[in-house]
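A.B. asks: Mind folding the following:
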Amino acid sequence: MKNSIVKDKSFVFAVRIVRLYQHISENKKEFILSKQLVRSGTSIGANICEALQAPSKKDFSNKMNISLKEAQETEYWLRLLFETNYLSEKEYQSVHSESIELIKILTSIIKTSRTNTD
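C.D. replies: The predicted structure is shown next:
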């Protein structure tokens, strides 16, 4: 699984999240919510990397579940930043679509791994 689509997508997403954090903290002077966003948004890929090196199917599934939880948390922070006017509609929609895509991919991986271990 060296060439993993979800690993690549989560890395690209993490880069976008870091850049979004830089933009929000430098231009909007918002530091609390954006820090939460960068923590959860970069954690998705880190946990996927751990999952891909997991010694067991159970550990793989657990790490992917953590990634999914982090993706859902990221979605929450994005929505909150949008609703509080720290993100424009265009900024929000752009990164939101990527977060939803990651959530769908991770959900599919988790469902598949459950059926393969049952």
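A.B. asks: can you pull the pLDDT of the nearest residue to Y21 once chain neighbours are set aside?
C.D. replies: Leaving out its chain neighbours, the residue that sits closest to Y21 by Cβ to Cβ, 6 or more residues apart in numbering is V38, at 4.1 Å. From N, CA and C alone the C-beta is placed, and that goes for glycine too. V38 is assigned a pLDDT of 98 by the prediction.
A.B. asks: Check T117 too.
C.D. replies: T117 is assigned a predicted lDDT (pLDDT) of 62.
A.B. asks: can you start the count at 854 instead of 1 from here on
C.D. replies: Right, with 854 as the first residue, what we last looked at is T970.
A.B. asks: Number of residues surrounding I885?
C.D. replies: By other Cβ atoms under 10 Å, 8 other residues sit near I885.
A.B. asks: Ok, E936 next?
C.D. replies: 10.
A.B. asks: How far does the single longest helix found in the chain sit from its chain's centre?
C.D. replies: Criterion DSSP state H: the longest helix present in the chain is helix 942-970. Helix 942-970 has its C-alpha centroid displaced from the chain centroid by 8 Å (Cα atoms, centre = their mean, to the nearest Å).
A.B. asks: continuing past the one helix or strand the residue nearest to Y874 maps to, what's the next helix or strand?
C.D. replies: If you go by DSSP states H and E, V891 is part of helix 885-905. Remark: after helix 885-905, the chain's next helix or strand is helix 910-936, criterion DSSP H and E.
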